[in-house]
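Asks: Test case, fold it:
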Amino acid sequence: MEIGIGIPNSVRGTTGPQLLEWARRAEAAGFSTLGTIGRVAYPSYEELTVLAAAGAVTERIGLMTNILVAPTRSTAELAKQAASVHELTGGRLTLGVAAGGRADDFALTGREFEGRGRRFDEQLAELRRAFAGEPLADGSAPVVPDGARPVPIMIGGSSDAALRRTLEFGVGWTAGGAPPQAAAPFVERVRAAWRDAGREGSPRFVALNYFSLGDTEQQSRGYLHDYYGFLGPEFAEMVASGAHRSSGEIRDVVAAFAEAGFDELILDPTIGDPAQVDLLAEAALR
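Replies: Okay, the predicted model is just below:
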């Protein structure tokens, strides 16, 4: 199983130079992927902008939005942004997307929260056409650069709709923040449905879990309580308590996700200091 690392685009107080240094260190350490998380209604760095910048200071490491709330954007804009990052970085982007669950993200972008699932289905079909170089409206030109490669899509969520979207539009499924024992049953559902649908090859499975290392627990908990506070204090505490904060915990969760059949685990930071990259490399890659 590959080990990726998140980039702290949503950790408050992280600076632009820190994000670039983080990307350089992540590639030098040997991580497989740099991942982002994303919301609109939070003082974070925009995901595709961060990955474009990270791609400019690296050469090999994969780049993934994990996840981006697609229905808060127009399909034309998202297709153009994603295809641009993919081409500028030599085909390193994977677009992890989901329908989203925060009404304020939609309100701030002037889009309807209700009906987002239906709109997401339409959007995934439109993204496929856009990445194939087809126009999105009669009489219009294609929106992605000529000759641009299709951007692979990973689907987030754990509903029946997420399963259907994975089969129809995705190269695989991404599990957002769940422990391995909770995510494993959905992996088996996707595998069985993929086989029954006659899709070639195997679906890809990626998971995200949070971490912090060193004397950082208080700061790490504060960030997670802030980021997930909209779901209530009990849920935020569950997320904060679930972050991995020792080398032993990280080794254990890596082994558990590998056992559950995942292809990659992206360990997402809760501290913006690039020294966290080196600490995680020592714990997870050595």
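Asks: Tell me which helix or strand the residue nearest the centre of the chain sits in.
Replies: Nearest residue to the geometric centre of the chain (C-alpha atoms, centre = their mean): N66, 0.6 Å. If you go by DSSP states H and E, N66 is part of strand 62-69.
Asks: packing partners for that strand?
Replies: strand 2-6, strand 33-36, helix 47-56, strand 93-98, strand 153-156, strand 172-176, strand 204-211, strand 264-269 (3 or more C-beta pairs under 8 Å, 6 or more residues apart in numbering; DSSP states H and E). Quick note: C-beta positions are derived from backbone N, CA and C, even for glycine.
Asks: what does the helix or strand following it contact?
Replies: Per DSSP H and E, the first helix or strand lying C-terminal to strand 62-69 is helix 75-88. Residues from elsewhere that reach helix 75-88, judged by C-beta atoms under 8 Å, 6 or more residues apart in numbering: 48, 51-52, 55-56, 63, 68, 70, 92-93, 95, 122-123, 126-127, 130-131, 136, 143-145, 148-149, 151.
Asks: what comes up buried for helix 75-88?
Replies: Residues of helix 75-88 classed as buried: T75, A76, L78, A79, K80, Q81, A82, A83, S84, V85, H86, E87 (neighbour count, 16 or more other C-beta atoms under 10 Å).
Asks: now the first one: how far from T65?
Replies: Distance check for T75 against T65: by C-beta to C-beta, to the nearest Å, it reads 15 Å.
Asks: can you check T72 too?
Replies: Distance from T72 to T65, by C-beta to C-beta: 12 Å.
Asks: Check S140 too.
Replies: Using C-beta to C-beta, S140 is found at 26 Å from T65.
Asks: can you pull the contacts of the residue nearest to the centre of the chain?
Replies: So N66 contacts 6, 35-37, 96, 154, 156, 174, 176, 206, 208, 266, 268 (C-beta under 8 Å, 6+ apart).
Asks: redo that, cut-off 6 Å
Replies: N66 makes contacts with G35, G96, T174, L208, as judged by C-beta atoms under 6 Å, 6 or more residues apart in numbering.
Asks: Closest to G198 out of these?
Replies: For the contacts of N66, the closest approach to G198 (C-beta to C-beta) belongs to T174, at 22.7 Å.
Asks: ok, the residue nearest to A183 when sequence neighbours are not counted - how many residues close by?
Replies: Nearest residue to A183, sequence neighbours excluded (C-beta to C-beta, 6 or more residues apart in numbering): A175, at 4.0 Å. As a burial measure, A175 scores 25 neighbours (other C-beta atoms under 10 Å).
Asks: before we move on, what about V239?
Replies: Count around V239 with other C-beta under 10 Å applied: 17.
Asks: separation between it and G229?
Replies: Distance from V239 to G229, by C-beta to C-beta: 10 Å.
Asks: In terms of packing, which of T72 and T65 has more residues around it?
Replies: For T72 versus T65, neighbours defined as other C-beta under 10 Å are more numerous around T65 (27 against 23).
Asks: End to end on stretch 34-53, go ahead and measure it.
Replies: Terminal residues of stretch 34-53 lie 12 Å apart, using C-alpha to C-alpha, to the nearest Å.
Asks: Report the mean per-residue pLDDT for that stretch.
Replies: Per-residue pLDDT over stretch 34-53 has a mean of 97.
Asks: For it, give me every contacting residue.
Replies: Contacts of stretch 34-53 (C-beta under 6 Å, 6+ apart): 4, 6-7, 9-10, 23, 26, 54, 61, 63-66, 68, 72, 81, 85, 104-105, 108-109, 266.
Asks: Give the buried subset of these as a ChimeraX selection command.
Replies: Those of these that count as buried under 16+ other C-beta under 10 Å are selected in ChimeraX with:
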select :4,6,7,9,10,23,26,54,61,63,64,65,66,68,72,81,85,105,266
